[in-house]
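Peer 1: Sequence plus predicted model, see below.
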Amino acid sequence: RVKNMPGRKSDIQDARWLAQLHRCGLIEGSMVPEQDIRDLRDLTRYRSKMVQAVTAEKNRIHKILQDANIKLTTFMSDLYGVSGRGLLQKIMDGEVVDEVTVKNLVKTRLKKKVPQLLDALNGKLRRHHREMIRDHWDHLVYLEKRITELEARIEAKAEPYLEMIEQIDSIPGIERTSAVTIFAEVGPHVAEMFPSDAQFASWAGVCPGNNESAGKRKKSKTMQGNKHLKGALCQAAWANSRSSNRIGQFFRRIRKRRGDKKANVATAHLLIRILHALMREKRSYQEIDVSLGDETSKKNPLDRYVKYIQQLGYSVQLNPIQ
């Protein structure tokens, strides 16, 4: 807002200029929700950091296994499921693992892969590897326990706002955890703080950038905004990439022309406009049939082909296939 106003731009003079603009009422206030929402926001952001720490510890364990030439992930899609955790415990304890032991530890379809799992476990595991895996494992278990406790506190804080959270949760691609995260970032008074969905999208940082000079629009990135809200929206947009609803159709239509990443941000922009409408009207999401330009995308190349054939001196009569 203020950077486009003319004035002095050095540090000290800029601070004086901002104070003068504030005295004149030319600086709008930031979006600061009430204390309960700020507390909920702290918890959801801390939970996100702890989930990232869990992922980091899992990657460290995976790196040590690769260093010891243990290739369990070649045959297991989830190394930290019930079967994978059982095998990791045996590795940390330094026990000799035979075919019977592996068969008793693994579940479901992994029982058919027991010979392959034995080959994958035949590496060069040293004592140093086991001690490092144990250190990371203890921290991983601690983090998972803390996340469980933190989620219980988040649910207790979010209980007075369950109706609004369920309205956000009704949007395709947004599950319960993301709905609570989004609500903690935007608060319950979206319609009062952001009169239009365009202002809401700009604050979130998912609207197109504005870089125009001499009447020409140049390539620009999206604007800076709430990175936590933007991350949750982009995650929900990816979740809709293969869905058959209108959000998924919108994603695939943009992807044809602009690629995956631009389609992701464009879909996040669509989601935040839907979110603004739902919270303004206080209702849940309802799927509607909206034309997204599919007919136009077929008509344009068709008209081009007809025009080309006419230029060659032929007449064309188009009859749709029943």
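Peer 2: Ah, there it is. Numbers count the residues shown, from 1 in each chain.
Peer 1: quick one, helices of the stretch 1-150 of the chain?
Peer 2: Ranges of helices within the stretch 1-150 of the chain are 11-23, 35-67, 82-93, 99-105, 114-121, 127-158, based on DSSP state H, counting those that start in this stretch.
Peer 1: out of the ones you listed, nearest to T267?
Peer 2: Nearest to T267 among the helices of the stretch 1-150 of the chain is helix 35-67; the distance by C-beta to C-beta comes to 20.9 Å. In short, each C-beta sits where N, CA and C put it, glycine included.
Peer 1: Now that closest one: buried residues?
Peer 2: Buried residues in helix 35-67, counted by 16 or more other C-beta atoms under 10 Å: 37, 40-41, 43-44, 47, 53-54, 57, 60-62, 64-65.
Peer 1: Is L43 in contact with I147, as I believe?
Peer 2: No: using C-beta atoms under 8 Å, L43 is not in contact with I147; the gap is 11.1 Å.
Peer 1: what does the helix or strand of the chain with the lowest mean pLDDT rub up against?
Peer 2: Least confident element among the helices and strands of the chain, by mean pLDDT, DSSP states H and E: helix 294-311 (a mean of 77). By C-beta atoms under 8 Å, 6 or more residues apart in numbering, the surrounding residues in contact with helix 294-311 are Q249, R253, V316, L318.
Peer 1: swap in stretch 273-284?
Peer 2: Against stretch 273-284 from outside (C-beta under 8 Å, 6+ apart): 164, 166-168, 170-171, 182, 186, 188, 190-191, 194, 196-197, 200-201, 247, 285.
Peer 1: If we use 7 Å, what do you get?
Peer 2: Residues outside stretch 273-284 that contact it (C-beta atoms under 7 Å, 6 or more residues apart in numbering) are M164, Q167, I168, S170, I171, V190, A191, F194, D197, F200, A201, Y285.
Peer 1: Flag the shaky bits of the chain, pLDDT-wise.
Peer 2: Applying pLDDT under 70 to the chain flags residues 1-10, 290-298, 322.
Peer 1: Report the buried members of the contacts of stretch 273-284.
Peer 2: Buried members of the contacts of stretch 273-284, counted by 16+ other C-beta under 10 Å: M164, Q167, I168, I171, V190, A191, F194, D197, F200, A201, Y285.
Peer 1: quick one: which of those residues is nearest to K262?
Peer 2: Within the buried ones among the contacts of stretch 273-284, the smallest distance to K262 is 15.3 Å, found for A201 (C-beta to C-beta).
Peer 1: so where does that closest one fall, helix or strand?
Peer 2: helix 197-204 (DSSP states H and E).
Peer 1: quick check, distance from that helix to the centre of its chain.
Peer 2: 18 Å (C-alpha atoms, centre = their mean, to the nearest Å).
Peer 1: I'd like the next helix or strand past that helix.
Peer 2: Scanning onward from helix 197-204 (DSSP H and E), the first element met is strand 212-213.
Peer 1: what's that next one packed up against?
Peer 2: Packed against strand 212-213 by the contact rule (3 or more C-beta pairs under 7 Å, 6 or more residues apart in numbering; DSSP states H and E) you find no helix or strand.
Peer 1: List the contacts of I147.
Peer 2: Counting by C-beta under 7 Å, 6+ apart, I147 has contacts R47, M50, V51.
Peer 1: can we see that at 8 Å?
Peer 2: I147 neighbours (C-beta under 8 Å, 6+ apart): R47, M50, V51, V54.
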